[in-house]
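>>> sequence and predicted model, in that order:
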Amino acid sequence: MLSHPSRRTVRGALVATAAVVAAALPTAPATAQPSPADALKKYNELSEKASQLNQDHLKAKDDLAAKQGELDKAKGDLANAQKAEESLRGHVDVLTESTFEGARFNQISALLVSDSQQDFLNRMSAINILAADNAEALKNLTDAVNAADAATKTANDATEASKKLLGEIEAKKADLDKQLAEAQAQYRSLSNTVKNQLANSGDMSNISVPAGTAGRALQFALDQRGKRYVYGSNGPDTWDCSSLIQAAYRSAGVTIGRTSYAQAAAGRPVSRSEVKAGDIIVYYSSQSHVAMAVDGIRAVHASTEGVPVKIADIDSIGPISVIRRIEG
């Protein structure tokens, strides 16, 4: 009769088998370091996402400012409506008091107290005027009450919308901060050689610009070469991509939106083959990055953190979404 092996014997056999299998498998490096190219690619991806979140955050702030303007107007309309209602209500109260004091007469009473036909006609005319005045005052009061109610609703709606936008801003800011932390951590992981390449200001030579608005805007943008990129910055010593473009055209006397989203709708569209100095080039399907054409080949832009404002090949910056011309 065969005896069953003990649990200890079985367990020992399994351990031995596992050791043999493990020894036969290829071993992976304990710490696989990404190549410099992979590290840079990851940094660019994180930076692009941060740029989009930055534009989202800026747009939410613009939306809040617009909604605050609507709220201020609604409050002003409400105050005016309440003032008009108060004034008209006083007018109606006077007419009501006059009615109780006997100021309102009907045709029969006018006929009974009239001394002559002319006196009757005069009394009837006065009665009609008083009635019309009363009716108009009541209508005006009703209109004022309705206007006050509508203004109250508008003000309440604008207040709620502002609160919602404030919540969205806080959420977008939290997302942006998280994304920035990841991008900055990735930047710190880059080699010094790569960091130095990113920090190079590139072509700093004098570049001729055309006359007119586009030329003045381009000159401003070119003058910012070498300045640092900072998310959400509005200059004058640091920029993000859209603040640079907005400030450039502001220096030329033209007002455009603060975000790359707004700038993607400014001016009129032109094709890639038509690009000339001063055109606004918006990148990525998200339209989260923007540059300004130096000519048909190059553009100046504020790229990302760790990279100064510099000139780059138009097509190397990223996939083009739209190209807009402000002048001409």
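Perfect, thanks for sending it.
>>> what's near enough to touch A81?
A144, A147, A148, A150, A151 (CB atoms under 8 Å, 6 or more residues apart in numbering). All C-beta spots, glycine's among them, are computed from the backbone N, C-alpha and C.
>>> for the residue most central in space within the chain, what are phi and psi?
For the chain, the residue nearest the mean C-alpha position is K59 (1.2 Å; CA atoms, centre = their mean). K59 adopts backbone torsions of phi -60, psi -40, taken as degrees, to the nearest 10.
>>> could you find the closest non-adjacent residue to it?
Excluding its sequence neighbours, the residue lying closest to K59 (CB to CB, 6 or more residues apart in numbering) is T259, at 4.9 Å.
>>> now K61
Per CB to CB, 6+ apart, closest to K61 is I169, 6.1 Å.
>>> that neighbour reaches D62, doesn't it?
No - I169 is beyond contact range of D62, at 10.3 Å (criterion: CB atoms under 8 Å).
>>> output stretch 195-214 as PDB - backbone C-alpha positions only.
Listed next in PDB are the C-alpha coordinates belonging to stretch 195-214 (Å, rounded to 0.1, in the frame of the first residue of the first chain):
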ATOM      1  CA  LYS A 195      17.900  71.600 -20.300                       C
ATOM      2  CA  ASN A 196      20.500  73.800 -21.900                       C
ATOM      3  CA  GLN A 197      19.100  73.100 -25.300                       C
ATOM      4  CA  LEU A 198      15.600  74.000 -24.100                       C
ATOM      5  CA  ALA A 199      16.900  77.200 -22.500                       C
ATOM      6  CA  ASN A 200      18.700  78.400 -25.600                       C
ATOM      7  CA  SER A 201      17.100  81.600 -26.900                       C
ATOM      8  CA  GLY A 202      17.800  80.800 -30.500                       C
ATOM      9  CA  ASP A 203      17.900  83.400 -33.200                       C
ATOM     10  CA  MET A 204      18.300  86.800 -31.500                       C
ATOM     11  CA  SER A 205      19.400  88.700 -34.600                       C
ATOM     12  CA  ASN A 206      17.600  91.800 -35.900                       C
ATOM     13  CA  ILE A 207      14.700  90.900 -38.200                       C
ATOM     14  CA  SER A 208      13.000  93.300 -40.600                       C
ATOM     15  CA  VAL A 209       9.300  93.700 -40.000                       C
ATOM     16  CA  PRO A 210       6.600  95.100 -42.500                       C
ATOM     17  CA  ALA A 211       5.000  98.400 -42.000                       C
ATOM     18  CA  GLY A 212       1.600  98.700 -40.400                       C
ATOM     19  CA  THR A 213      -0.300  97.000 -37.500                       C
ATOM     20  CA  ALA A 214       1.000  93.500 -38.100                       C
END
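>>> what does it contact?
Taking CB under 8 Å, 6+ apart as the rule, stretch 195-214 contacts 187, 190, 215-216, 218-219, 222, 225-226, 249, 252-254, 276-279, 294, 306-312, 325-328.
>>> centre of the chain to the strand or helix carrying L71, how far?
According to DSSP states H and E, L71 maps onto helix 36-100. With CA atoms, centre = their mean, to the nearest Å as the basis, helix 36-100 stands 13 Å off its chain's centre.
>>> average model confidence for that helix?
Throughout helix 36-100, pLDDT has a mean value of 77.
>>> same check on stretch 275-290?
97.
>>> just the buried positions in it, please.
Neighbour counts over stretch 275-290 (16 or more other CB atoms under 10 Å) mark 275, 277-284, 286-290 as buried.
>>> ok, now stretch 193-212?
V194, K195, L198, I207, V209, P210.
>>> could you work out the end-to-end span of it for me?
41 Å (CA to CA, to the nearest Å).
>>> list the residues that contact the nearest residue to L53 once chain neighbours are set aside.
Spatial nearest neighbour of L53, chain neighbours left out: L176 (4.3 Å); criterion: CB to CB, 6+ apart. If you count contacts by CB under 8 Å, 6+ apart, L176 has them with A50, L53, N54, D56, H57, Y231.
>>> same check, this time on A183
Taking CB under 8 Å, 6+ apart as the test, what A183 contacts is Y43, L46, S47, K49, A50, T304, E305.
>>> export those to CSV and tack on distance to N156 and neighbour count?
Output for these, formatted as CSV (distance: CB to CB, whole Å; neighbours: other CB atoms under 10 Å):
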residue, distance to N156, neighbour count
Y43, 47, 25
L46, 41, 21
S47, 41, 25
K49, 37, 18
A50, 36, 24
T304, 42, 22
E305, 42, 20
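>>> reformat those as CSV; add distance to S243.
CSV is the format used below for the contacts of A183 (distance: CB to CB, whole Å):
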residue, distance to S243
Y43, 22
L46, 21
S47, 16
K49, 19
A50, 15
T304, 14
E305, 14
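>>> I am finished for the moment; much appreciated.
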